[in-house]
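Visitor: with the sequence up front, the predicted model follows.
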Amino acid sequence: MKHNQLKAFPENFFWGGSTSAYQVEGAWDEDGKGPSVIDMANHVEGVTDFKVTSDHYHMFKEDVALMAEMGFKAYRFSIAWTRIYPQGAGEVNPKGIAFYSSLIDELIKYGIEPIVTMYHFDLPYALEQQGGWSKRETIDAFEQYAKTLFENFGDRVKYWLTINEQNMLILHPGSIGTLDTSLENPQKVLYQQNHHMLVAQAKAMVLCHEMLPDAKIGPAPNIGVIYPASSKPEDTLAADNYAAIRNWLYLDMAVFGRYNHIAWSYLVEKGYEPVIEEGDMDILAKGNPDFIAFNYYTSQTVGESLDDGNDFSHTGDQHEIVGEPGAYRGSVNPNLQTTEFGWEIDPVGFRTTLRQIYSRYRLPLIVTENGLGAFDKLEEGDVVNDPYRIDFFKKHIEQIQLAITDGVDVFGFCPWSAIDLVSTHQGSSKRYGFIYVDREEFDLKDLRRIRKQSFYWYQKLIATNGEIR
């Protein structure tokens with residue numbers, strides 16, 4: 001649909017940026033922090049681990065000042081569960097509480113809205129050793145953790161995200177190094193873990209509404225439009241299958257408190273359906289999010305499964321493949337360009353995704369990740385030219401405005417990432433930030449912060465509420 005005149009971005013639109021604790025903070029074992037599954041995982045050979053990252057833990061005041069200089073209205077970050085509960089449960093770590101309290105105060109000082117992700121991949125290792133999300137005790141531990149966050153930060157944090165990209169944790173568990181490949185039926189175990197996470201999420205949402213009646217809370221999955229590989233009816237059916245399994249299973253449960261019927265039929269067909277205990281569905285029905293946060297990087301394309309051993313296709317990330325024999329075959333979209341890391345670039349798919357989510361759930365939306373990873377170069381005179389990132393964001397922000405004109409309620413855009421951090425697979429060389437961090441994979445240098453070309457561009461865009469692009 002073409003519009004003769006576009007609607008303006010809402011007056012109080014949350015322009016900002018995002019990070020996650022394990023990718024930006026460093027200080028992995030300081031001030032009482034316990035180890036997470038990320039800390040204990042085997043890391044990709046040839047790239048850095050997550051011990052120091054961008055050292056945001058020690059440099060957060062400088063980082064927040066730079067965000068304020070850009071004009072950030074919001075900053076979406078995650079809290080490391082093991083800074084609050086080093087063992088996942090039991091004793092609270094007061095130094096962890098103090099760190100996040102200071103960070104939140106610093107944001108508020110500059111008029112930046114804190115948007116807090118409660119869990120971003122970094123499950124406490126102590127809980128993982130006891131069975132992790134396979135055990136129902138982890139639901140109780142998450143509920144206690146949520147209660148502690150609400151008690152300590154709820155007076156200042158009004159926007160909460162439950163679990164970052166839960167669907168990626170289930171669909172691509174190997175991508176963060178936490179899949180137990182020795183299991184007899186790992187997929188069934190994963191979907192049992194998924195069910196427990198869904199129950200934990202619902203409990204956290206209920207608790208938030210009880211304890212913080214003025215706060216808002218929602219899920220934060222990775223959602224993207226799914227295209228059929230052709231106009232062949234079987235390809236459209238395959239795309240419908242994948243959309244249900246990848247997208248709607250997670251949001252239908254968060255919003256409606258029920259399993260998507262197509263996804264559930266898939267689980268039954270494969271023998272992956274979880275054990276649902278008495279009372280679970282009652283809890284899930286009470287979740288009721290106030291909004292939906294979602295991460296969008298790219299669309300995906302699938303075709304009819306031929307079940308011939310060739311149903312799998314890479315997404316561009318060497319750790320993530322798409323395909324499910326009997327349900328859909330992974331494919332590529334010949335109409336799209338790709339990043340230098342192989343990810344397909346689809347701004348129009350962003351608009352379609354916004355429309356699909358809003359049409360289905362009619363809840364306000366906030367984009368909590370979207371961005372371009374690249375090998376940025378520091379030039380003489382502390383110059384970092386990244387016109388490719390500016391071009392990427394221009395095209396995607398244009399599609400947000402088109403979606404708003406379509407009638408979609410979007411209240412924020414917090415792209416990945418506010419500052420350079422350590423990428424999950426490509427280390428510190430794959431950069432996403434508006435702010436360059438002067439380090440290499442194994443040479444920390446001085447970790448100096450340097451404004452990129454995109455920093456100044458985003459600053460102007462925010463100052464004009466999206467008018468100047």
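Guide: Right, received. Where do you want to start?

Visitor: what's the longest helix in this structure?
Guide: Counting residues, the longest helix found in the chain (DSSP state H) is helix 186-211.

Visitor: centre of the chain to it, how far?
Guide: 16 Å (CA atoms, centre = their mean, to the nearest Å).

Visitor: right, and the helix or strand after it?
Guide: Per DSSP states H and E, the first helix or strand lying C-terminal to helix 186-211 is strand 216-220.

Visitor: other SSEs contacting that following strand?
Guide: If you count contacts as 3 or more CB pairs under 8 Å, 6 or more residues apart in numbering; DSSP states H and E, strand 216-220 packs onto strand 159-164, helix 186-211, helix 249-256, strand 292-295. Where you see a C-beta, it was placed from the backbone N, CA and C, and this is true even at glycine.

Visitor: the longest helix of the chain: which residues count as buried?
Guide: Residues of helix 186-211 classed as buried by neighbour count (16 or more other CB atoms under 10 Å): 188-209.

Visitor: restrict stretch 79-94 to CA atoms and write it as PDB.
Guide: The C-alpha trace of stretch 79-94 is given here as PDB (Å, rounded to 0.1, in the frame of the first residue of the first chain):
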ATOM      1  CA  ILE A  79      20.400  -7.700  34.000                       C
ATOM      2  CA  ALA A  80      22.800 -10.600  34.600                       C
ATOM      3  CA  TRP A  81      20.900 -13.100  36.700                       C
ATOM      4  CA  THR A  82      24.200 -14.200  38.300                       C
ATOM      5  CA  ARG A  83      25.000 -10.700  39.500                       C
ATOM      6  CA  ILE A  84      21.800 -10.800  41.500                       C
ATOM      7  CA  TYR A  85      21.800 -14.500  42.500                       C
ATOM      8  CA  PRO A  86      25.300 -15.900  41.900                       C
ATOM      9  CA  GLN A  87      23.900 -19.400  42.300                       C
ATOM     10  CA  GLY A  88      20.700 -18.700  40.500                       C
ATOM     11  CA  ALA A  89      18.800 -18.800  43.800                       C
ATOM     12  CA  GLY A  90      19.500 -18.600  47.500                       C
ATOM     13  CA  GLU A  91      21.500 -15.500  48.700                       C
ATOM     14  CA  VAL A  92      21.100 -12.200  46.900                       C
ATOM     15  CA  ASN A  93      24.400 -10.400  46.000                       C
ATOM     16  CA  PRO A  94      24.100  -6.800  47.300                       C
END
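
Visitor: residues contacting it, please?
Guide: Contacts with stretch 79-94, where a contact means CB atoms under 8 Å, 6 or more residues apart in numbering, come from 21-22, 25, 31-36, 95-97, 99-100, 116-119, 122-127, 138, 140-141, 144-145, 148-149.

Visitor: one more time with 7 Å, if that's ok
Guide: Residues from elsewhere that reach stretch 79-94 (CB atoms under 7 Å, 6 or more residues apart in numbering): 21-22, 25, 32-36, 96-97, 99-100, 116, 118-119, 122-124, 126-127, 141, 144-145, 148-149.

Visitor: next: stretch 431-444.
Guide: Contacts for stretch 431-444 (CB under 7 Å, 6+ apart): 17, 47-48, 52, 54, 66, 70, 371-374, 376, 378, 384, 416-421, 427-429, 445-452, 454-455, 458.

Visitor: residues touching residue 274, list them.
Guide: By CB under 7 Å, 6+ apart, the neighbours of residue 274 are 191-192, 195.

Visitor: ok, back up a step: can I get the helices and strands packed on strand 216-220 in JSON lines including distance to residue 366 and mean pLDDT?
Guide: Below are the helices and strands packed on strand 216-220 laid out as JSON lines (distance: least, CB to CB, whole Å; pLDDT from 0 to 100):
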{"stretch": "strand 159-164", "distance to residue 366": "8", "mean pLDDT": "98"}
{"stretch": "helix 186-211", "distance to residue 366": "16", "mean pLDDT": "96"}
{"stretch": "helix 249-256", "distance to residue 366": "14", "mean pLDDT": "98"}
{"stretch": "strand 292-295", "distance to residue 366": "5", "mean pLDDT": "98"}
